[in-house]
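S.K.: Attaching a predicted model along with its sequence, questions to come.
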Amino acid sequence: MLCLKLIRNFGVSPELVIWDSTSFYFEGAYDDSELVMFGYAVEGRTDAKRVRIGMCMDAGAGIPLTSSRESGKKPDSELVVDNLETLKATFSADYVVVADRSLASVKNVFLLDSKGTKFVAPADDDDCYTRLILGTSDDEFQETDYRSKDGKSFFIAERGICLHRKLDGEERQYESGWFRAIVIKSPSKLKVDEMKLSKETETVDAWLRDVRDNKINRRRYKKLEYVEKRIDAFFSGPLRRYRNIYNPKVISDGNRLDFSWSMDEEALQRLIALNGKYVVISNQMAPVVSAADIFRASRRRSHIETRMRYLKSQLEVRPVFLESEMRIRGLAFVTNLALVVYCLLEHMLKQAAIDESVRELFLDFDQIALTKAKLPNGAEVSHVENALPFHYRTLDKLGLLIGEYHRPQG
């Protein structure tokens, strides 16, 4: 209902919708809660339970359209689909959704495409996308007019990609579909990837040398099975891609263990070739939508991150300790509602050409008070105190000279 009111009363008509998620952390046990739970640590905290928040925002106006409060263990890949289903049920006009890689799982890509939802999202690290990047030669890339913070250009190359998905409950039955894939060379990502590669290879080198020089054939490292488990544990998570590059081996002759590794330079060069590159996938197949259009749409995703910062920092709420699940949902709803109002005022200030932030606007109106009284005869009167002509002019420009505010006489 709130979404519909925004659309009807304030002319919000999204053509581009941005989706993102975050978490509210809670202190306490919450053993009986089906909402406050441990789950994926989006911001790195693994010691606190959380409530997941999903949000759809109009990219043009910067106003949240829908928000949801879900169990802390609900993954983004499910949260994004649920949020988009809610948005579609509320607002059925044509729009394009921009989201993070949680949208671009193969399952979600086929699901959203079957429902007619147009989307743009960075692809995950599936092998098919890796092969696509490695198969795109340097001369295929074209420079865009988009620049990084230090003024360097982004480059793009368009490819089609045929994805396959196993049908649920079917033996060896698959569905296939063609999608647009834009391979992007990002100068900012290149810098980050190079630093990450350097740090990770240093970590792997140091661990391998430590095992060889200080641990092998000592204490628990005398056992072949234990060493193999330690290798498996180390080359998991973010470092799993280095296992086939370093090829660690442990061999037993019955008395002692021999620990060694051999570098696969070709595999290392393939990994280096991926630095600074990623794939954006979309089902916008119309020729009028260019590869550059899809790329520029994908870059709009950063806009919603500002709203998420507002949600957690600009909207200050004193520490609150809640036990009732209904009150937890209520707090999350009121916080999201406050964000909608904040963003709506920001949009209205721009439309009215008022060069002022929402925070400054709040400070301007901070001293205003409303006095209400009931007279002995039963009549009710109200009076706005401390309102100056400036306040009335501002409200008039914003179209908010309503309710208890009355245009001053004379």
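M.R.: In hand now; what should we look at? Numbers count the residues shown, from 1 in each chain.
S.K.: What is the neighbour count of residue 122?
M.R.: Summarising burial for residue 122: neighbours were counted as other C-beta atoms under 10 Å, giving 20. (C-beta placed from N, C-alpha, C; glycine too.)
S.K.: And for residue 174?
M.R.: When neighbours are counted by other C-beta under 10 Å, residue 174 registers 10.
S.K.: these two touch, right, it and residue 163?
M.R.: No - the pair residue 174 / residue 163 is not scored as a contact, 9.9 Å apart, by C-beta atoms under 8 Å.
S.K.: where's residue 108, which helix or strand?
M.R.: Assigned by DSSP states H and E, residue 108 falls within helix 106-114.
S.K.: what do you get for residue 20?
M.R.: Short version, using DSSP H and E: residue 20 is in strand 16-26.
S.K.: For that strand, buried residues please.
M.R.: By 16 or more other C-beta atoms under 10 Å, the buried positions in strand 16-26 come out as 16, 17, 18, 19, 20, 21, 22, 23, 24, 26.
S.K.: can you check stretch 285-299 too?
M.R.: Using 16+ other C-beta under 10 Å as the test for burial, stretch 285-299 gives 289, 291, 292, 293, 294, 295, 296, 297, 298, 299.
S.K.: Now for residue 276: which residues touch it?
M.R.: For residue 276, the contacting residues are 185, 186, 187, 189, 190, 191, 193, 194, by C-beta atoms under 8 Å, 6 or more residues apart in numbering.
S.K.: Same check on residue 256?
M.R.: With contact taken as C-beta under 8 Å, 6+ apart, residue 256 is in contact with residue 217.
S.K.: Could you do residue 37 as well?
M.R.: Residue 37 makes contact with 30, 49, 50, 71, 72, 73 under the criterion C-beta under 8 Å, 6+ apart.
S.K.: Disregarding flanking residues, what is the spatial nearest neighbour of the second one?
M.R.: Yep, that's residue 49 we're talking about. Distances taken as C-beta to C-beta, 6 or more residues apart in numbering put residue 36 closest to residue 49, at 4.8 Å, once the chain neighbours are dropped.
S.K.: Now do the phi/psi pair for the one you found.
M.R.: Torsion angles at residue 36 (phi, psi; degrees, to the nearest 10) stand at phi -90, psi 110.
S.K.: count of neighbours near it?
M.R.: 24.
S.K.: And residue 270, by the same measure?
M.R.: Residues contacting residue 270 under the criterion other C-beta under 10 Å number 15.
S.K.: sorry, back to before: pull the CA coordinates from the helix or strand just after the helix holding residue 108 and hand them back as CSV.
M.R.: Sequence-wise, the next helix or strand downstream of helix 106-114 (DSSP H and E) is strand 118-122. Extracted C-alpha coordinates of strand 118-122, given in CSV (Å, rounded to 0.1, in the frame of the first residue of the first chain):
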residue,chain,number,x,y,z
LYS,A,118,14.0,-7.8,-17.1
PHE,A,119,17.3,-7.8,-15.2
VAL,A,120,20.9,-6.7,-15.1
ALA,A,121,23.3,-8.3,-12.7
PRO,A,122,27.0,-9.3,-12.4
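S.K.: I would like the residues contacting the helix or strand just after strand 118-122, please.
M.R.: Next in sequence after strand 118-122, counting helices and strands by DSSP H and E, comes helix 127-134. Under the contact criterion C-beta under 8 Å, 6+ apart, helix 127-134 has outside partners 123, 159, 161, 163, 181, 183, 270, 273, 274, 277, 278, 279.
S.K.: How about stretch 238-248?
M.R.: Stretch 238-248 is contacted from outside by 200-201, 203-204, 208, 231, 235, 259-264, 267-268, 271, using C-beta under 8 Å, 6+ apart.
S.K.: Could you pull out the helices in the stretch 251-400 of the chain for me?
M.R.: Ranges of helices in the stretch 251-400 of the chain, per DSSP state H, counting those that start in this stretch, are 265-273, 291-299, 302-309, 325-351, 358-364, 389-398.
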